[in-house]
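>>> What follows is a predicted protein model with its sequence.
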There are 2 protein chains.
Amino acid sequence: MLEFKILQENEKGRIGKLRARNIEIETPTFLPVATKACIKTITPDEAKKLGYNAIIVNALHIYRRAMDVVTKVGIHKFMKWHGIIFSDSGGFQSIKNFPAKINNEGIIFRMPDGKEEIFTPKKCMEVQDRMGSDFVFALDDCPSYPYSKKRVEKAVERTIKWAIDCQGKNRFAIIQGGIYEDLRKYCAKKLASLDFFGFAIGGLCIGEEKQEMIKMVEITAKNLPFNRPRHLMGVGSPDDIAKCVKYGIDIFDSAFPTRNARHGTIFTSRGKINLGKKKVKGDTIDDECSCYTCKNFSLDYLNYLFKEKEPLAMRLATIHNLHFMNKFMEKLREEIKNA
Amino acid sequence: MLEFKILQENEKGRIGKLRARNIEIETPTFLPVATKACIKTITPDEAKKLGYNAIIVNALHIYRRAMDVVTKVGIHKFMKWHGIIFSDSGGFQSIKNFPAKINNEGIIFRMPDGKEEIFTPKKCMEVQDRMGSDFVFALDDCPSYPYSKKRVEKAVERTIKWAIDCQGKNRFAIIQGGIYEDLRKYCAKKLASLDFFGFAIGGLCIGEEKQEMIKMVEITAKNLPFNRPRHLMGVGSPDDIAKCVKYGIDIFDSAFPTRNARHGTIFTSRGKINLGKKKVKGDTIDDECSCYTCKNFSLDYLNYLFKEKEPLAMRLATIHNLHFMNKFMEKLREEIKNA
């Protein structure tokens, strides 16, 4: 049983409840990214202990590398994650030897053995269903930045056409439209008229100005149905999330906190700290943080582990940043509730 | 209070009790290697849960990279390991831009900033004491293989001379002598006459034939005092350990299980498995293993993580191999007890 309900809405944002697999999640929420069916460096148990009940994986990456073994048991059992799984359809930009080719039928990419395959909308849905994702994202045409308005018009047209074949009760449509108000509005309205569980805003945070990004989120969100979840793709810095929550975004996913962690940048109550480069000031990592890393290790030690490129460093920082994000989302929800 | 007692001895080996920091360890035992004050990929909590109560760190590596931060709080607090810590004196072979120079005074090496420093026996002891190690290894001259007998004679002479300055109640002497019976015997007897807590057999497993190695262990062990712990350095394959236990070795340390794990080689009840290369046969990693990795993940998943070079792979394999080693040592102890 999939369910979404808005419980409260005001100028700070909206509080909702998302339900799947008998798990209930309060929104706005942040999904850790497990592109290849693994949240980099941590176990599913750790993610759960950090307070997460939903993650997002990447259907294309898994299709290219592990479809046979995933199909045997389903994605949940394969990666031992018993929470909710969203799967993103694409990520075509992140395959080596990009660009994949795109035409009106779908997206053509190379398998690891060099063979070309095509994700048509139907094929893409079938793959995600076969994996056993709880929430499935439609196939979209996401032009890389910088783009011409003409290219984005074409992308919107394709995305809408493809969406027709992607409809379904556990499906999210993806709104394209680049940095163009009229195209975002048009795409949102067209997709909103189709049968989708929720709506994702795609094609942002790929190089455009920050204020353009925020503006597009505002406009797109306004043109989406009130009672459906709104997912903003790829936006994951705490500042950006705080802004976008105000425009009624319910779900975020981004590799930002985990990727930063692996590169030694941790989010703390006193701002970002970059580790592994020089000496650090202070004894504790973050006085206000109660995560496993902060409770157990000193700033000196974590800094030293990064300097030495010890793999444990990435893991401890990932735990910290994901804890930070979870608390951060909790705080944003509190602010909405108290507004 | 440091203590060592032999409780039982027969043709299968000997059972002992080693005590430090109010922790009692049954020997023969295996020490995981935490060269740079970190068991690669895992937390101290995980090592403890795997059944380990003692580890070995490397004084030189820590001296070169972290002495200031370690000295502030001591090595136990620094790395959050409340068990017993052995520290190896050297590892001069493993610094980039080796060779370090050696003369009769000590070993000269470069600091990361290029400056030359010398470890005299006294300096080396002082560094390990300052770190706060529970058991401190003497400075030795360990010639790299292949060596001439003349070079090894010189090494034995230096090692004995240096040992005089390294004596103390928590100190281990290191026996050199290459693959030469007479030198091993001579070195063992000379060092046995000095004031040491225990005796380590060094300079093996560095390129010599396996049967030469075993032979040297046998001869050296025979010439060591009965009631003192015998530590065999750098020998860590289950087969080798099983053989050396019979000759009365009490303590082993080696990066073998953890390094193998990181390269995708896991030890199982059905032999070694190499992961990350091709398809694997079977559903479970090791039916007879109850470690976290085996209880939670399939062979398919672990193999896939290695293929994708996901950092979690190294960690899950490390947990498995360290669990395997701990159970393996337990089995060897049982065999001695039941002999």
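Sure, I can see it. Residues are numbered from 1 along each chain as shown, chains lettered A, B, ... in the order given.

>>> CA atoms for contacts and neighbours, from now on please.
OK.

>>> Tell me who's in contact with the residue most central in space within chain A.
Of all residues in chain A, the one closest to the mean position by C-alpha atoms, centre = their mean is residue A:253, 2.1 Å from it. By C-alpha atoms under 8 Å, 6 or more residues apart in numbering or on different chains, the contact list for residue A:253 reads A:30-33, A:56, A:231-236.

>>> ok, now how distant is it from chain B?
Counting by C-alpha to the nearest C-alpha, to the nearest Å, the gap from residue A:253 to chain B is 20 Å.

>>> hey, what's that residue bridged with?
Using DSSP bridges, the bridge partners assigned to residue A:253 are residue A:31, residue A:233.

>>> Does anything pack onto the one helix or strand residue A:62 maps to? Which helices or strands?
Taking DSSP states H and E as the criterion, the element that holds residue A:62 is helix A:59-73. Packing partners of helix A:59-73 (3 or more C-alpha pairs under 8 Å, 6 or more residues apart in numbering or on different chains; DSSP states H and E): strand A:84-88, helix A:121-131, helix B:299-307.

>>> Can you name the next helix or strand after that helix?
Following helix A:59-73 in sequence, per DSSP H and E, is helix A:75-79.

>>> Is there contact, residue-wise, from that next one to chain B?
Yes - contact between helix A:75-79 and chain B, assessed by C-alpha under 8 Å from any C-alpha of the partner chain, occurs at A:78-79.

>>> Please list the residues of chain A that sit near chain B.
So chain A meets chain B at A:38, A:40-43, A:66, A:69, A:78-80, A:296-298, A:300-301, A:304, A:310-312 (C-alpha under 8 Å from any C-alpha).

>>> hmm, try it at 7 Å
By C-alpha under 7 Å from any C-alpha of the partner chain, the residues of chain A that approach chain B are A:40-42, A:69, A:78-80, A:297, A:300-301, A:310-312.

>>> what's the pLDDT at residue A:114?
At residue A:114, the pLDDT value in this model is 89.

>>> give the contact list for it.
Counting by C-alpha atoms under 7 Å, 6 or more residues apart in numbering or on different chains, residue A:114 makes contact with nothing.

>>> what secondary structure does it sit in?
coil (DSSP: H, G, I helix; E, B strand; the rest coil).

>>> With the one 3 residues further on instead?
Here residue A:117 is recorded as strand under three-state DSSP.

>>> Distance check, it against residue A:107.
8 Å (C-alpha to C-alpha, to the nearest Å).

>>> now the residue nearest to the centre of chain A: how far from residue B:66?
Residue A:253 is 37 Å from residue B:66, by C-alpha to C-alpha.

>>> And for residue A:315?
Taking C-alpha to C-alpha as the measure, residue A:315 falls 20 Å from residue B:66.

>>> of those two, who's got more company?
residue A:315 (25 against 19; other C-alpha atoms under 10 Å in any protein chain shown).

>>> is it fair to say the more buried one lies in a helix?
Yes - counting by three-state DSSP, residue A:315 is found in a helix.

>>> is it true that it touches residue A:41?
Yes - counting by C-alpha atoms under 7 Å, residue A:41 is a contact partner of residue A:315 at 5.1 Å.

>>> Tell me, what's the model's pLDDT at the residue nearest to the centre of chain A?
Listed pLDDT for residue A:253 reads 97.

>>> any idea where the helices of the stretch 101-250 of chain A begin and end?
Using DSSP state H, counting those that start in this stretch, the helices of the stretch 101-250 of chain A run over A:121-131, A:149-166, A:181-192, A:210-222, A:238-246.

>>> Tell me which residue in the stretch 101-250 of chain A sits closest to chain B.
Across the stretch 101-250 of chain A, the shortest distance to chain B (C-alpha to the nearest C-alpha) belongs to residue A:112, at 11.9 Å.

>>> before we move on, what about the stretch 1-150 of chain A?
Counting by C-alpha to the nearest C-alpha, the stretch 1-150 of chain A gets nearest chain B through residue A:41, at 4.6 Å.

>>> Now do the same contact list for residue A:24.
Residues counted as contacts of residue A:24 (C-alpha under 7 Å, 6+ apart) are A:17-18.

>>> Which two among the residues of chain A next to chain B are spaced furthest apart?
A:69 and A:300 (41.7 Å; C-alpha to C-alpha).

>>> Settle it for me: which of those two has more neighbours?
Ranked by neighbour count (other C-alpha under 10 Å), residue A:69 and residue A:300 place residue A:300 first, with 23 against 17.

>>> Distance of the more buried one relative to residue A:289?
In terms of C-alpha to C-alpha, residue A:300 sits 16 Å off from residue A:289.

>>> circling back to that earlier point, how close does the residue of the stretch 101-250 of chain A closest to chain B sit to residue B:308?
Taking C-alpha to C-alpha, one finds residue A:112 at 12 Å from residue B:308.

>>> Same check on residue A:310?
For residue A:310 relative to residue B:308 (C-alpha to C-alpha), the value is 19 Å.

>>> Which of the two has more residues huddled nearby?
Ranked by neighbour count (other C-alpha under 10 Å), residue A:310 and residue B:308 place residue A:310 first, with 18 against 14.

>>> Contacts only, for the more buried one.
Contact partners of residue A:310, counting by C-alpha under 7 Å, 6+ apart, are residue B:40.

>>> The one 10 residues further on now?
Taking C-alpha under 7 Å, 6+ apart as the criterion, residue A:320 is in contact with A:291, A:293.

>>> hang on, it is in a strand, isn't it?
No - checked against three-state DSSP, residue A:320 lies outside a strand; its state is helix.

>>> Let me know whether residue A:237 touches residue A:256 as I believe.
Yes - at 6.4 Å, residue A:237 counts as touching residue A:256 under the criterion of C-alpha under 7 Å.

>>> Now tell me what touches stretch A:54-67 from outside.
If you take C-alpha under 7 Å, 6+ apart as the criterion, stretch A:54-67 is touched by A:31-37, A:83-91, A:111-112, A:128.

>>> Only whichever of those residues are buried, select them in PyMOL.
For the buried members of those, the matching PyMOL selection, counting by 16 or more other C-alpha atoms under 10 Å in any protein chain shown, is:
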select buried, chain A and resi 31+32+33+34+35+36+37+83+84+85+86+87+88+89+90+111+128
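
>>> So what's the gap between stretch A:41-54 and the chain middle?
15 Å (C-alpha atoms, centre = their mean, to the nearest Å).

>>> Can you show me the CA trace of that stretch as PDB?
C-alpha atoms of stretch A:41-54 as PDB (Å, rounded to 0.1, in the frame of the first residue of the first chain):
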ATOM      1  CA  THR A  41      31.300   3.000   2.700                       C
ATOM      2  CA  ILE A  42      28.400   2.200   5.100                       C
ATOM      3  CA  THR A  43      26.200  -0.800   5.700                       C
ATOM      4  CA  PRO A  44      22.400  -0.800   5.500                       C
ATOM      5  CA  ASP A  45      22.300  -1.300   9.200                       C
ATOM      6  CA  GLU A  46      24.300   1.900   9.800                       C
ATOM      7  CA  ALA A  47      22.000   3.900   7.500                       C
ATOM      8  CA  LYS A  48      19.000   2.600   9.400                       C
ATOM      9  CA  LYS A  49      20.600   3.500  12.700                       C
ATOM     10  CA  LEU A  50      21.200   6.900  11.400                       C
ATOM     11  CA  GLY A  51      17.500   7.300  11.000                       C
ATOM     12  CA  TYR A  52      17.000   6.600   7.300                       C
ATOM     13  CA  ASN A  53      14.100   4.500   6.100                       C
ATOM     14  CA  ALA A  54      14.300   5.300   2.400                       C
END
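
>>> what about chain A, any weak spots by pLDDT?
Within chain A, the ranges that satisfy pLDDT under 70 run A:91, A:93-99.

>>> can I see the domain layout of it?
For chain A, the structural domains run A:3-254, A:256-339, going by automatic domain parsing.

>>> can you list those domains in TSV and add distance to residue B:18?
Shown next, in TSV, are those (distance: least, C-alpha to C-alpha, whole Å):
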stretch	distance to residue B:18
domain A:3-254	34
domain A:256-339	27
